[in-house]
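Q: My questions concern the predicted model and sequence given below.
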Number of protein chains: 2
Amino acid sequence: MGTKPQQQLQRAAEGGEPGLFADWQPSWRNPAASGNSRAARAGQDEPIPLLEEQLAVLQREHNELRQAIFAAAQAQRRLCAPRQARRGRFEIASEIFPVRHLSGDFNQVLDLGATTGLAVGDIAGKGLTAGLWLAHLAGLVRTHLGSSLDLSEAVTAINEELWKMQPEAPMVALFLARLDQECGELIYCNAGQSPAVVLRAEGCVEFLEVGGPMLGGISGASFPSGRVVLGRGDALISYSDGIVECRNDQGEEFGAERLVAASQNAGHSSAAHMLYSLLGAAQDFAGTHAREDDLTLMVARRLE
Amino acid sequence: MGTKPQQQLQRAAEGGEPGLFADWQPSWRNPAASGNSRAARAGQDEPIPLLEEQLAVLQREHNELRQAIFAAAQAQRRLCAPRQARRGRFEIASEIFPVRHLSGDFNQVLDLGATTGLAVGDIAGKGLTAGLWLAHLAGLVRTHLGSSLDLSEAVTAINEELWKMQPEAPMVALFLARLDQECGELIYCNAGQSPAVVLRAEGCVEFLEVGGPMLGGISGASFPSGRVVLGRGDALISYSDGIVECRNDQGEEFGAERLVAASQNAGHSSAAHMLYSLLGAAQDFAGTHAREDDLTLMVARRLE
């Protein structure tokens, strides 16, 4: 016993041939094999019913696959909840748009007692393979932001954890911050992410650039933290590359300048309104040009 | 600017409608829309070319989706490497067979200095949504087995980490062990996994049942560890439910008794041979009955 199945299984396990997925091979290649089919009865004299049946079978299988991906995408969205929140004097809104399949971008709003943790991350790569790492990153951020009062230490620990999983783990860009929701102090670290923007109530902007390289690439890298205080009416806008790298049909990028201009235009609106205005501006700019990257955005605005 | 796109984006972001996936909507519904197509030129007088083209477009899109899933599955496999290893006096072989899409089962062989970490896990649920958590579990096992000399502490810590991510995180069954590859001492904890089997060189078996509940469900649960010593020729066989729950067309389960009998039949063969013999026996038993669950198996045999 075992010799023939053993060889089959070993070959299948190598993954280089269809055996690995034997149980979900598409059956459209031979719908007649399913037995009681119209096409099987029709034979070669009726090519239209045969084609119709092939199409129906493939449509069904394709839809099943898409539904599985949709369910996984919804599970990802739950990990990145809440989308809109009120924390102390702040209103926070965030959103993610995966370009296809699953998202490699993520965001989190975490309750840490007197402060609120904010994370906007971008896992290198796109689609399913990047998406496989989202739960792990969400877990690492939660663990280390929750257990360390020092933001630099938390980012350093996440970097080392990812480093330990090289070469399998991807590189990750992360804006991580701890916000005092009453006094408005924001301690942050920008690890390879596009600089977050602080839009002051009177309209001027600051870029939050203190931090280190992308996570997971260099063991022992240092991640100093920066500090800024958000006053009444000020807003923090943090985002992944996807939004500033949106291109139009002329190949131009949306860019940080247009993002700043759009946020200034959105003026003194709510966090959610500002978020959707910025996404809308990027989408208007890109026009019919297809997006190339996942896109995530977070806005935290101090109301009082 | 902002108002119309804002509403569109907000609706799309809810995820309940196709807008979320606008960029990868299947185009087979209307291949003529792609412009320079045979079917568009053919019009309604030529239904066969139209159907053929619909089929070709859908086949292409389906294949792209399957390739993305295949790439993600390969990334998962790399996380569960090595498949076959020699550690001190032990030969270790492990394998995973996802029933569809991605695997929710995982295994790991980790080098921890003088000892080797062994993990065989089963994430509740199947397919993509369970698969999203595999990298996180692999990371948790690596971190906590690496940082704690006490196995109970490591399992307790993993349980608490998963608990903190409720209700999003799934329940996880895990057999975790630390093997002294020279003296053969195995400290283990079985958290809701099917009891691992120790097959002694002379043919009798022991079941490793010390442990606790599945991980992620109960904060504060305790996870005592058990101890067993593997002598020359002894083998450890650890596996997920999938293998013992393989059913044949009569609805019977393969079960632990058949697994034990198959391992006794495999006798004094190599770890890899025993592993594929067991998988082959389960496959022979199931016959044409489709598998219903992911399946993973690990064999560690002491050679000298």
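A: It's in.

Q: Can you get me a residue count around the residue in the stretch 151-300 of chain A that chain B sits nearest to?
A: Residue nearest to chain B within the stretch 151-300 of chain A (C-beta to the nearest C-beta): A:G280, separated by 3.0 Å. (C-beta placed from N, C-alpha, C; glycine too.) A:G280 has 22 neighbours, counted by other C-beta atoms under 10 Å in any protein chain shown.

Q: Pretty sure it sits in a strand.
A: No. Read with DSSP: H, G, I helix; E, B strand; the rest coil, A:G280 is helix and lies in no strand.

Q: tell me the SS of A:Q166?
A: Once three-state DSSP is applied, A:Q166 turns out coil.

Q: And it, how close does it get to A:H144?
A: 18 Å (C-beta to C-beta, to the nearest Å).

Q: May I have stretch A:245-262 as PDB, with CA atoms only?
A: The C-alpha trace of stretch A:245-262 is given here as PDB (Å, rounded to 0.1, in the frame of the first residue of the first chain):
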ATOM      1  CA  GLU A 245       0.500  57.800  -7.500                       C
ATOM      2  CA  CYS A 246      -2.900  57.800  -9.200                       C
ATOM      3  CA  ARG A 247      -2.200  58.600 -12.900                       C
ATOM      4  CA  ASN A 248      -4.300  60.300 -15.500                       C
ATOM      5  CA  ASP A 249      -4.300  59.400 -19.200                       C
ATOM      6  CA  GLN A 250      -1.400  61.800 -19.800                       C
ATOM      7  CA  GLY A 251       0.700  59.700 -17.300                       C
ATOM      8  CA  GLU A 252       0.800  62.500 -14.700                       C
ATOM      9  CA  GLU A 253       0.600  61.600 -11.000                       C
ATOM     10  CA  PHE A 254      -2.000  63.100  -8.700                       C
ATOM     11  CA  GLY A 255       0.800  63.900  -6.300                       C
ATOM     12  CA  ALA A 256       1.100  65.400  -2.900                       C
ATOM     13  CA  GLU A 257       0.500  69.000  -4.100                       C
ATOM     14  CA  ARG A 258      -2.900  68.200  -5.500                       C
ATOM     15  CA  LEU A 259      -3.700  66.200  -2.400                       C
ATOM     16  CA  VAL A 260      -2.900  69.200  -0.200                       C
ATOM     17  CA  ALA A 261      -4.900  71.500  -2.500                       C
ATOM     18  CA  ALA A 262      -7.900  69.200  -2.400                       C
END
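
Q: By neighbour count, which bits of that stretch are buried? Give me those.
A: A:E245, A:C246, A:R247, A:F254, A:G255, A:A256, A:R258, A:L259, A:V260, A:A262 (16 or more other C-beta atoms under 10 Å in any protein chain shown).

Q: Tell me which two of the residues you listed sit farthest apart.
A: Spatially, the most separated pair among these is A:R247 and A:V260, at 18.2 Å (C-beta to C-beta).

Q: that older thread, go back to the buried residues of stretch A:245-262 and keep what's next to chain B.
A: A:A262 (C-beta under 8 Å from any C-beta of the partner chain).

Q: Which single one of the buried residues of stretch A:245-262 is nearest to B:V229?
A: Using C-beta to C-beta, A:E245 is the member of the buried residues of stretch A:245-262 that lies nearest B:V229, at 58.1 Å.

Q: That closest one reaches A:D293, doesn't it?
A: Yes. Using C-beta atoms under 8 Å, A:E245 is in contact with A:D293, at 6.1 Å.

Q: The stretch 201-304 of chain A: helices as residue ranges?
A: Counting by DSSP state H, counting those that start in this stretch, residue ranges of the helices within the stretch 201-304 of chain A are A:241-244, A:255-266, A:271-286.

Q: Would you mind putting those helices into TSV with mean pLDDT alongside?
A: Listed next are these as TSV, based on pLDDT from 0 to 100:
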stretch	mean pLDDT
helix A:241-244	91
helix A:255-266	94
helix A:271-286	93
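
Q: mind giving me TSV with the ones you listed and columns for distance to B:V299?
A: Shown next, in TSV, are the helices of the stretch 201-304 of chain A (distance: least, C-beta to C-beta, whole Å):
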stretch	distance to B:V299
helix A:241-244	45
helix A:255-266	55
helix A:271-286	52
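
Q: For B:A72, find the nearest of the ones you listed.
A: helix A:241-244 (20.1 Å).

Q: In the stretch 1-150 of chain A, where is pLDDT below threshold?
A: A:1-46 (pLDDT under 70).
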